[in-house]
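Undergrad: this one's sequence-less:
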């Protein structure tokens, strides 16, 4: 709402003493000022920052949940169950090709699901990084506009014009900007508003200092920086924090081979899923390599790395992880003998080179592998950081998802709260600056009547003068 | 508080949105029939639902394993009891042949019958389940007792998972029932093995050697005793597995019920909720239409 500041114009004086009687000549509109409460504006923007963060966070959380699709009969947990069951079947009927084929199929289904989720998460991280880039562009656009508006406003004020529309635009931009990041502002005497992010001036009068993207040391991923110096996401808040938290904490870095970049956030979803896939694959492989095939001979690796899978840009995978895990292709080679390579038999006796192979019907290795279902995934170097609590593979998976659920739920509740709060603060703001049509109409009628009354007054004077001038005494006529 | 038009429209919109998203949540539950569709819906119950699903899968799998073992053991039981019946008949014949009144012709006739029974016993020792030989350890695709008695039978004890960290041996070793026909490793052949016994008996009958026949009767008794012992071992396992299967069945019924309670939607409650939410939504729409439109303008002319 804008209010006209009016003052009476210099009166025309009928008599020498202006205090006695004067005839007003109306009012001058000196300026139209905006009615705003700066405190409420600030509060609105503070809430907007938090709202932007939770809104972004919850949105991406939805995507992740879609990726896992649990609880369902097609989720990873069910596929893992089926895989273990297939090993059980092989342990019961070690020589039967159907049982072996079933194991191959369920194994493939499980690895495919791991791949989908694993590379889905990595793809999501890249998307989030793109969104960070886009958000920086948006913010920079706004910073530019703010600087331009500052220039126009101070020019207008210099020319003694009140640029209310421009100021409205500037406030609107600041509202929009605070969805992205927390910011401070200071009003200058020349009418400009300076804007600071992380204590760094991004808008100084009519000068804009834009934010930049700098590589954060992990692949092509970026941090947001001011003058080459990265700004900590925890400080920024808003959409930026939501994006950064998702990219670097919730999903986080995948398992990277030793010697390469070390994971800085071993609690991330991608990392944990990789650990699960890796432990599952290596513990099966260890037993499988020692077991006897139908050939006879030692078993090959059951799970291998399929380098065509996975997201190549993430890192050069030299260990089995969720996105590159694959069933050894030898099991799917043409010819019936491929399935014979599944090592169901116990480890042979005798020294290497002169083994005594167990009979074909032996199920020692299949039995041992099927029991992995109930064994704990604790040993090994990769898992030790994450699986300090002792879990079976399924427990582990379940725990990962449950903690994801807790994070998501917390964020959803926060989002609902912020939404309500934002609504409340905005209403408070509207109380001050909004236009009430009834009020305006009532005012209009009031002024209309005043106007009519004034007209009446002139009428009366007209009558008086008429009487005096035209109807009194006929001397001069 | 000074109320402005924008407050009215904002509030109306906000509440309409809130009502709509509440309806969306109910609709999602109604159309999937599940109360929990993603981890964030209810993390604790979600975890519980996954645990229950997994427990049901494991239960099903163990039940299948138990059923497999039960079928295998029943087949084994039938084979051993048939063998026992044959041995009983052999014993009767041996006792009859051992009496003084038998001529050598009669003993020859009995020897022929004994030879037939020996073949029958061999067939029993070679019985199979789903094409796999019962009494040959892990070497299930090879006949354990071929006619020439060339191969020693395999002695692998085949195990099966029937619980977390619990396995059970489901096969019965041929050597334990019929006796060792050949030396295996450091274990010497058992001279009282059932096939040796039958051929010894047959030879003694043909030689008309009454004393030798009499000597063989306690050996038959001993072998019969072995058969009975093995049969009771098998029977004991079947009983144990039947109990396990029953328990797993009961447990899965219970778990499924619990799972349904945990993750399935309560339809009647949801439909009631939907109706209530629907009327709230209608009310807020109606309120919105009345509140937003009229201003003083409408009443001035």
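TA: Yep, that arrived. This structure is a prediction, so every number in the text was calculated from the model and none was measured. Numbers count the residues shown, from 1 in each chain, chains lettered A, B, ... in the order given.
Undergrad: What ranges in chain B fall below the confidence cut-off?
TA: Where chain B drops to pLDDT under 70, the residues are B:148-151, B:293-296, B:300-301.
Undergrad: Give me the spatial nearest neighbour of residue B:120, chain neighbours excluded.
TA: Excluding its sequence neighbours, the residue lying closest to residue B:120 (CB to CB, 6 or more residues apart in numbering or on different chains) is residue B:86, at 5.6 Å. C-beta: built from backbone N, CA, C; applies to glycine.
Undergrad: Can you name the next helix or strand after the helix or strand of chain A with the lowest mean pLDDT?
TA: Lowest on mean pLDDT, DSSP states H and E among the helices and strands of chain A sits helix A:381-384, with a mean of 41. Downstream of helix A:381-384, the next assigned helix or strand under DSSP states H and E is helix A:393-433.
Undergrad: Quick one: list the elements packing against that next one.
TA: With contacts taken as 3 or more CB pairs under 8 Å, 6 or more residues apart in numbering or on different chains; DSSP states H and E, helix A:393-433 sits against helix A:38-68, helix A:76-92, helix A:269-290, helix B:5-32, helix B:43-98.
Undergrad: what angle sits between it and helix A:38-68?
TA: Counting by axes from the mean of the first three to the mean of the last three CA atoms, to 10 degrees, helix A:393-433 lies at 150 degrees to helix A:38-68.
Undergrad: following helix A:393-433, which helix or strand shows up next?
TA: Scanning forward in sequence from helix A:393-433 by DSSP H and E, the next helix or strand is helix A:437-465.
Undergrad: Tell me the helices and strands packed up against that following helix.
TA: Helix A:437-465 sits against helix B:296-299, with contacts defined as 3+ CB pairs under 8 Å, 6+ apart.
Undergrad: How far away from the center of its chain is the helix it packs on?
TA: Relative to its parent chain, helix B:296-299 has a centroid offset of 81 Å by CA atoms, centre = their mean, to the nearest Å.
Undergrad: now swap in stretch A:338-348 and tell me
TA: 48 Å.
Undergrad: swap in stretch A:437-446?
TA: Stretch A:437-446 sits 45 Å away from the centroid of its parent chain (CA atoms, centre = their mean).
Undergrad: Could you pull up the mean pLDDT of it?
TA: The average pLDDT within stretch A:437-446 is 86.
Undergrad: Report the contact partners of the residue nearest the centre of chain A.
TA: A centroid search over chain A (CA atoms, centre = their mean) returns residue A:56, at 3.1 Å, as the residue closest to the centre. Applying CB atoms under 8 Å, 6 or more residues apart in numbering or on different chains, we find residue A:56 in contact with A:239, A:242, A:243, A:246.
Undergrad: Make JSON lines out of those residues and add pLDDT.
TA: Below are the contacts of residue A:56 laid out as JSON lines (pLDDT from 0 to 100):
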{"residue": "A:239", "pLDDT": "95"}
{"residue": "A:242", "pLDDT": "94"}
{"residue": "A:243", "pLDDT": "94"}
{"residue": "A:246", "pLDDT": "93"}
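Undergrad: ok, which stretches of the stretch 201-301 of chain B are strands?
TA: Assigned by DSSP state E, counting those that start in this stretch, the strands in the stretch 201-301 of chain B number zero.
Undergrad: quick one on the thing from earlier: what residue, apart from its backbone neighbours, is nearest the residue nearest to the centre of chain A spatially?
TA: For residue A:56, ignoring the flanking residues on the chain, the nearest one in space by CB to CB, 6+ apart is residue A:242 at 3.0 Å.
Undergrad: Just the element for the one you found, please.
TA: helix A:238-244.
Undergrad: Could you list every helix and strand in contact with that helix?
TA: For helix A:238-244, the elements it packs on are helix A:38-68, helix A:97-158, helix A:164-180, helix A:233-236, judged by 3+ CB pairs under 8 Å, 6+ apart.
Undergrad: among those helices, which gets the worst mean confidence?
TA: Lowest mean pLDDT within the helices and strands packed on helix A:238-244: helix A:233-236, at a mean of 86.
Undergrad: Mind listing what's buried along it?
TA: When burial is assessed from 16 or more other CB atoms under 10 Å in any protein chain shown, helix A:233-236 yields the following buried residues: A:233, A:236.
Undergrad: contacting residues around it?
TA: So helix A:233-236 is contacted by A:180, A:181, A:182, A:197, A:198, A:224, A:240, A:241, A:244, A:245, A:248 (CB under 8 Å, 6+ apart).
Undergrad: let's see it at 10 Å
TA: With CB atoms under 10 Å, 6 or more residues apart in numbering or on different chains as the test, helix A:233-236 has contacts from A:49, A:53, A:132, A:139, A:180-183, A:197-199, A:211, A:223-224, A:240-245, A:247-249.
Undergrad: now, which of the contacts of residue A:56 sits nearest chain B?
TA: Of all the contacts of residue A:56, chain B sits closest to residue A:246, with 14.1 Å by CB to the nearest CB.
Undergrad: My guess is the closest one contacts residue A:61. True?
TA: Yes: with contact defined as CB atoms under 10 Å, residue A:246 reaches residue A:61; the gap is 7.8 Å.
Undergrad: Stretch B:223-238 vs chain A: in contact?
TA: No: on the criterion CB under 10 Å from any CB of the partner chain, stretch B:223-238 is out of touch with chain A, staying 15.4 Å away.
Undergrad: and residue A:458, how far is that from residue A:451?
TA: Residue A:458 sits 11 Å away from residue A:451, going by CB to CB, to the nearest Å.
Undergrad: so where's the stretch 151-300 of chain A shaky on pLDDT?
TA: Counting by pLDDT under 70, the stretch 151-300 of chain A contains low-confidence ranges at A:256-267.
Undergrad: let's go with 80 and repeat that
TA: Residues of the stretch 151-300 of chain A that meet the criterion pLDDT under 80 lie in A:217-220, A:253-267.
Undergrad: How about the residues of it by chain B?
TA: residue A:294.
Undergrad: State the phi and psi torsions of residue A:185.
TA: phi -140, psi 150 (degrees, to the nearest 10).
Undergrad: partner residues bridging it?
TA: residue A:195 (DSSP bridges).
Undergrad: Report how many residues lie close to it.
TA: Taking other CB atoms under 10 Å in any protein chain shown as the criterion, the count of residues near residue A:185 is 18.
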